[in-house]
Structure formats: structure tokens, C-alpha cells
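# Any chance you can model this:
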Amino acid sequence: MLVSIDGGSAMPPYEQIVCGVVDAVREGNLIAGTKLPTVRALAGELRISPNTVARAYRELEAKGLIETRGRLGTFVAPGADPVRGRAESAATDFVAQLTGLGYGAVEIRFLVEAALRGPEGSRVHEQPADRHDDRKDKQGTDIGEHGG
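Next up is the predicted model:
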């Protein structure tokens, strides 16, 4: 379930939805490109008014956390780091494609691990991508994009 509502909380349900989505994005449980449930579907799951969910979605959209793409639905928006946002969207699209082909999570992980190992056992570096190209050599000298 995307979020849950605590009926005993002093916080209004729409704020609980906003906080739940914000937390899920911050924790990496929702990444750019993830499709969110429709207003009616989430309202049905949570047993609350669709107007409450719509209000939460409007607030999340105003904060730039989600975006509505017309009839396609509502999606988690790319974050402050546009490169990371594109990577998250690509990962989401990739998983959707493989799921559409009938692959499950375990098989998808296996395929990704195999791709990371590469041909003849070569491995992709275990470190996160250096997206800002402020690389340094072993002595700490800046080698940047052009190799120093």
C-alpha cells in the first residue's frame, strides 16, 4: 500500500497522504517515473473521500513531487538532480517492460546483475556514479572530464 491513514491522528488525512508520499520518495521507495494509483483507487484503498486524495495530489504536485500526465495518470516527478531523475525513470521503464514480458522481480534482478557483471566477468564499479565529473586520481589531483 502506498500510504496508510491513522484515523486517530490529529493530522488530517490529506496531510497524512502528503507526508507518506514525501517520506516514500525521500527513502527511495518511490522513484521518478513510478505511477501512482488514481485518485479513486487510492480513496477506495484507504476508505476515504476521493476529494481528500485529490487535495493531497494537488499539494504534492504544487511541491513538484508528482506530475499529472493527462490520461496517462499521475507519476513521481524527477527530483532535484535531473540526472538521477532520468536514471530513476529509465529504471522504472525498464522494469515495466520486463514485467510486461512476464518476468518477475527475481528474474529482473538476475538480468540486471548479469548486465552489471558484463562480458567475461568484468564488473561495473560498485561505487555510485560520479555525475558531476569531479573525479580525482589516486593522488587527489582533479582529472575531471578531460583526464587532467
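
# all helices for the chain, in order.
13-26, 39-46, 50-62, 82-100, 105-117 (DSSP state H).

# Of all those helices, which one is nearest V76?
For V76, the closest of the helices of the chain is helix 13-26, at 6.3 Å, according to C-beta to C-beta. Yep, even glycine has a C-beta here, placed from its N, CA and C like the rest.

# buried ones in the worst-scoring helix or strand of the chain on mean pLDDT?
Lowest by mean pLDDT, DSSP states H and E among the helices and strands of the chain is helix 82-100, with a mean of 86. Neighbour-count burial for helix 82-100, counted by 16 or more other C-beta atoms under 10 Å, picks out 84-85, 87-89, 92, 95, 98.

# repeat for stretch 55-67
55-57, 59-60, 65-66.

# For the residue most central in space within the chain, give me its contacts.
The centroid of the chain falls nearest to I31 when counting by C-alpha atoms, centre = their mean (0.3 Å). Going by C-beta atoms under 8 Å, 6 or more residues apart in numbering, I31 touches 25, 76, 88, 91-92.
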